[in-house]
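1. 3D model of this:
(chains A, B, C and D)
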Number of protein chains: 2
Amino acid sequence: MTEIGSGPASSARRKRADARRNEETLLEAAAAAFVASGVDAPVRDIAAKAGVGVATIYRHFPTRADLVVAVYRHQVEACVEAGPALLASGDSAHGALARWIDLFVDFLVTKHGLAEALQSDDATFATLHDYFLDRLVPVCAELLDAAVRAGEIRPDIEALELMRGVGNLCIGADRDPRYDARRMVEVLLAGLRLR
Amino acid sequence: MTEIGSGPASSARRKRADARRNEETLLEAAAAAFVASGVDAPVRDIAAKAGVGVATIYRHFPTRADLVVAVYRHQVEACVEAGPALLASGDSAHGALARWIDLFVDFLVTKHGLAEALQSDDATFATLHDYFLDRLVPVCAELLDAAVRAGEIRPDIEALELMRGVGNLCIGADRDPRYDARRMVEVLLAGLRLR
DNA sequence: CAACCATACGGAACCGTGTTCCGGTTAGCA
DNA sequence: TGCTAACCGGAACACGGTTCCGTATGGTTG
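-> This next block holds a predicted model:
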């Protein structure tokens, strides 16, 4: 734990320059591949696009989940930070919750296959699932609690449950223009309200 | 179209006895495998369990969807027939819809991986998806229409959309005891009601 | 009852994907 | 400049779906 902590040599040991370069390149290639072919784009494709061998991917990102998390971390964190901000915005608690869920849904439906991956029982995606839940459930719980305390929604739904339900509703949101995930989520949220 | 139509030699051409036997055996083996390992149990496993070669599966059921449909056809048809019965049962239209959806959800959550397969974009499952939608959407539409006419629910939701939403909510219903698909579906249905 | 052949069979082979292994290369340092 | 730990690329392996082909057999006909 004793660290000099100056500059890039902060933690553990500074990586070699080529390693850092490759990691960066891989992140870009992966982001591009995810947009083009969804989050389960073939490993070989990503490696080829980055101009590296497949083993290099596994060295930097042991599981696909690590790669996905690395690519989307910024956006997830943005979502995390938006929660308290919305609560403080003076809107009704239910309104804040609805707007926050909207952000989450927007994020999910614009990433091909991400919603599917989130709910997949594939062990490769387990840590992805965990990361999303770890980060987002507490935020959701806060918004949910506020709405319950305000007497606006039924009190028997857990944040985890709601997040999974919303995530599930987003599956296949692209692919079929007849299915509008946003509308279904809206209905679900309406179902939460006390009447 | 000219048929003698007597006994088992009704349509096209009577299959060989061993072929019929194998088909039967395969259906049983597949049903067992689906229970044990979900609807994407490895083809080789099913073949082994039935004591046949893999090609025999492909001859009888060209795609996995055909096999799944064959295994669950009875239950799907039961669901189809339950729709009108519930409508006629004197319950409120929304109540009938809710009870019918319950049947559907019960069916889905007890079949490992079926809900996932239904929403999968995997081409292998396309005809499965189509079969379910072809059979169930009309029934759902009838129930939905009745509830709309009775002024009990909002009129802007299509049967297809509702079915997909419900199907999506059932994904992963086994696997995680913290997620209760039935409850989420209940919330969704509540969200349909006019207030 | 015997011979024939369309039908059906089993398993090997093939293909695409994820994952691991190994011999060669190189960044960083003395 | 030379050394070495870290890193790299691609071949090799594992696994599951799918296809192919030589063989066996149910059913029919003479």
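2. and chain A, which of its residues are near DNA strand D?
-> A:13, A:15-16, A:18-19, A:22, A:51-56, A:59-60 (Cβ under 7 Å from any atom of the strand). For every residue, glycine as well, the C-beta is placed using N, CA and C.
3. Among those residues, which pair sits farthest apart?
-> Largest separation among the residues of chain A next to DNA strand D by Cβ to Cβ: A:R13 and A:G51, giving 25.6 Å.
4. one step back: put the buried members of the residues of chain A next to DNA strand D into a ChimeraX selection.
-> Those of the residues of chain A next to DNA strand D that count as buried under 16 or more other Cβ atoms under 10 Å in any protein chain shown are selected in ChimeraX with:
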select /A:22,52,56,60
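5. Now render the residues of chain A next to DNA strand D as JSON lines, adding pLDDT.
-> As requested, these are arranged in JSON lines below (pLDDT from 0 to 100):
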{"residue": "A:R13", "pLDDT": "68"}
{"residue": "A:K15", "pLDDT": "88"}
{"residue": "A:R16", "pLDDT": "93"}
{"residue": "A:D18", "pLDDT": "96"}
{"residue": "A:A19", "pLDDT": "95"}
{"residue": "A:N22", "pLDDT": "97"}
{"residue": "A:G51", "pLDDT": "97"}
{"residue": "A:V52", "pLDDT": "97"}
{"residue": "A:G53", "pLDDT": "97"}
{"residue": "A:V54", "pLDDT": "98"}
{"residue": "A:A55", "pLDDT": "98"}
{"residue": "A:T56", "pLDDT": "98"}
{"residue": "A:R59", "pLDDT": "97"}
{"residue": "A:H60", "pLDDT": "97"}
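6. Among the residues of chain A next to DNA strand D, which lie within helices?
-> A:18-19, A:22, A:54-56, A:59-60 (DSSP state H).
7. Just the closest of those residues to B:F107, please.
-> A:V54 (41.5 Å).
8. For DNA strand C, tell me whether stretch A:46-58 is touching it.
-> Yes: using Cβ under 7 Å from any atom of the strand, we find that stretch A:46-58 touches DNA strand C at A:54-55, A:58.
9. how about the nearest residue to the residue of chain A at minimum distance from chain B, chain neighbours excluded?
-> For chain A, the residue closest to chain B is A:G191, as judged by Cβ to the nearest Cβ, at 3.0 Å. The shortest distance from A:G191 to any non-neighbouring residue, by Cβ to Cβ, 6 or more residues apart in numbering or on different chains, is to B:G191 (3.0 Å).
10. same deal with A:A70?
-> Of all residues not flanking A:A70 in the chain, A:L27 sits nearest, at 6.0 Å (Cβ to Cβ, 6+ apart).
11. name the element the one you found belongs to?
-> helix A:17-37 (DSSP states H and E).
12. what's near enough to touch A:R154?
-> A:148, A:192-194, B:187 (Cβ atoms under 8 Å, 6 or more residues apart in numbering or on different chains).
13. Let's see that with 6 Å instead.
-> By Cβ atoms under 6 Å, 6 or more residues apart in numbering or on different chains, the contact list for A:R154 reads A:L194.
14. How about A:V68?
-> A:39, A:128.
15. secondary structure class for it?
-> Look at A:V68: counting by DSSP: H, G, I helix; E, B strand; the rest coil, its state is helix.
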